[in-house]
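# my questions are about this predicted structure, shown below with the sequence.
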Amino acid sequence: MVEWILEPLQFGFFQRGLLAGIIVAVSCGILSGFIVWRGMAFIGDALAHAVLPGIVISIVLGIHVLIGALAAAVLSVLGIATLTQHKGFKEDTAIGVIFSGAFALGILLMTRVASYKDLSHILFGNILGVSNLDVILISVVGVLVMIGVFIFYKELLVTSFDPTHAKAIGLNPQMIHFALLVLVAATTVLATQTVGVVLVMALLVTPAATASLLVRKLKWIIALSIVFASASILCGFYLSYYYDLASGATIVLVLTGMFIICFILSRFRSR
């Protein structure tokens, strides 16, 4: 068993992938609680698809895909925020418009770019192919996300539970919600490196959904979300390495398996 764990660690690509995966898991786990608590599950999926044109453009320009993806994600958030400020325009409608338009643009650009095969690892994830530069960029963005949540945790907590009370004590719920969207956008970009565009919503939603089956307090949901996300990265990473499986799909299936087990346990506990 020990040899099974230690053997892959002698390879640099495995060490880089594992480090990047853990950083992504912690970032997703922290935000997962707020996403589920606020009913923002759709936003993660929408942003994951909206970054596609940024990824394609970055490949055409010869810059790192994370830079293009992050730029596209921030522009999408700005677009959603601008539309929702319009009277009578709900956020889910704005998300649908931005998501479908950006994803369609990404597909159109993909059909015009000869290097389509280069995009397969972004669409479906390839944690085993993470480079040193990827690790650096993922680490920087991941740390910034964690710091942002740590600094504004109380504000996020109050606006998540009672926006009216937040206004009464001088907070701006809309501004805090926009800041949360930016953090989700940044984390979505990180997750594309591990599970890909297609499966990124799983890392943003399933950890907190699993944790909420076991605990009720938000701080414990966040803590357990980090544990579940990290465990899925570790297990999925090793399974992907030893059995030559698609890394993104394997990680998500492990996480889904954890959810099913916890769901069954919660049903027995309720009885």
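The structure has been received and is ready for your questions. Numbering: from 1, shown residues only.

# only C-alpha atoms from now on, for both contacts and neighbour counts.
Noted.

# the residue most central in space within the chain: what secondary structure?
In the chain, the C-alpha closest to the average C-alpha coordinate belongs to residue 188, at a distance of 3.7 Å (C-alpha atoms, centre = their mean). Classification of residue 188 by DSSP: H, G, I helix; E, B strand; the rest coil places it in helix.

# list the residues that contact it.
Contacts were defined as C-alpha atoms under 8 Å, 6 or more residues apart in numbering; by that measure residue 188 touches 44, 47, 48, 200, 204.

# tell me, how many residues neighbour the closest residue to residue 250 other than its chain neighbours?
Closest residue to residue 250 in three dimensions, ignoring its sequence neighbours and counting by C-alpha to C-alpha, 6 or more residues apart in numbering: residue 236, at 5.1 Å. The burial count assigned to residue 236 is 23, neighbours taken as other C-alpha atoms under 10 Å.

# does residue 236 lie in a helix or a strand, and which?
Residue 236 is part of helix 218-243 when elements are defined by DSSP states H and E.

# list the buried ones in stretch 136-144?
By 16 or more other C-alpha atoms under 10 Å, the buried positions in stretch 136-144 come out as 137, 138, 139, 141, 142, 143.

# right, and the third one touches residue 20 too?
Yes - between residue 139 and residue 20 a contact is recorded at 7.2 Å, counting by C-alpha atoms under 8 Å.

# C-alpha coordinates for stretch 140-159, CSV please?
The C-alpha atoms that make up stretch 140-159 are tabulated as CSV, following Å, rounded to 0.1, in the frame of the first residue of the first chain:
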residue,chain,number,x,y,z
VAL,A,140,-1.2,32.8,-7.1
VAL,A,141,-4.8,32.9,-8.0
GLY,A,142,-5.8,30.2,-5.5
VAL,A,143,-4.1,32.1,-2.6
LEU,A,144,-5.8,35.4,-3.7
VAL,A,145,-9.1,33.6,-3.6
MET,A,146,-8.5,32.2,-0.1
ILE,A,147,-7.3,35.5,1.2
GLY,A,148,-10.4,37.3,-0.3
VAL,A,149,-12.8,34.8,1.4
PHE,A,150,-10.9,35.1,4.7
ILE,A,151,-10.9,38.9,4.8
PHE,A,152,-14.6,39.2,3.8
TYR,A,153,-15.9,36.1,5.5
LYS,A,154,-18.2,38.0,7.9
GLU,A,155,-19.6,40.1,5.1
LEU,A,156,-20.2,37.1,2.9
LEU,A,157,-21.8,35.3,5.8
VAL,A,158,-24.2,38.2,6.7
THR,A,159,-25.3,38.8,3.1
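
# tell me the helices in the chain, going along the chain?
In chain order, the chain shows helices spanning 2-6, 12-37, 41-50, 52-61, 65-84, 91-112, 120-124, 132-151, 153-161, 163-168, 173-192, 196-211, 218-243, 247-270, with DSSP state H as the criterion.

# winner for burial among these?
For the helices of the chain, average neighbour numbers computed from mean count of other C-alpha atoms under 10 Å are highest in helix 196-211, which has a mean of 27.

# phi, psi of residue 90?
Torsion angles at residue 90 (phi, psi; degrees, to the nearest 10) stand at phi -80, psi 160.
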